[in-house]
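I would like the atomic coordinates for the input below:
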Amino acid sequence: MSFVRIVFIVFATTAIAATAYVGYHGAGGESFDLDRSVRAGSGGTFVGGGRIK
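Okay, the predicted model is just below:
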């Protein structure tokens with residue numbers, strides 16, 4: 001294997017392991033302010049012209 005390939009595999013494995021570790025330990029979990037974060041949305045441009053009245 002070439003040096004670049006080894007570095008890439010090590011970097012990718014480290015990134016996957018770090019993401020799994022952080023996700024397992026609760027970072028990026030559920031939000032507790034869901035009532036405040038829900039916004040009124042439009043039906044898009046095909047329904048009612050896309051405006052909120």
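
I'd like to know how far Met1 sits from Val10.
11 Å (CB to CB, to the nearest Å). Backbone N, C-alpha and C define where each C-beta goes, glycine included.

the more surrounded of the two?
Val10 (10 against 7; other CB atoms under 10 Å).

Okay, and the more buried one sits in which element?
In the assignment (DSSP states H and E), Val10 maps to helix 3-24.

averaged over its residues, what pLDDT does that helix have?
Helix 3-24 shows a mean pLDDT of 94.

Check which residues of it are buried.
By 16 or more other CB atoms under 10 Å, helix 3-24 has no buried positions at all.

now for it, which elements pack on it?
Using 3 or more CB pairs under 8 Å, 6 or more residues apart in numbering; DSSP states H and E as the contact test, no helix or strand touches helix 3-24.

Using CSV, list the CA coordinates for it.
Extracted as CSV, the C-alpha positions of helix 3-24 are listed here (Å, rounded to 0.1, in the frame of the first residue of the first chain):
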residue,chain,number,x,y,z
PHE,A,3,1.7,6.0,2.1
VAL,A,4,-1.2,8.2,0.9
ARG,A,5,-3.6,5.3,1.1
ILE,A,6,-2.5,4.3,4.6
VAL,A,7,-2.9,7.9,5.8
PHE,A,8,-6.3,8.2,4.2
ILE,A,9,-7.5,4.9,5.8
VAL,A,10,-6.2,6.0,9.2
PHE,A,11,-7.8,9.4,8.9
ALA,A,12,-11.2,7.9,7.8
THR,A,13,-11.1,5.3,10.6
THR,A,14,-10.3,7.9,13.2
ALA,A,15,-13.1,10.2,11.9
ILE,A,16,-15.7,7.3,12.1
ALA,A,17,-14.5,6.2,15.5
ALA,A,18,-14.6,9.8,16.8
THR,A,19,-18.1,10.3,15.5
ALA,A,20,-19.3,7.1,17.0
TYR,A,21,-17.8,7.9,20.4
VAL,A,22,-19.3,11.4,20.5
GLY,A,23,-22.7,10.1,19.3
TYR,A,24,-22.7,7.3,21.9
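
No further queries at this time; thank you.
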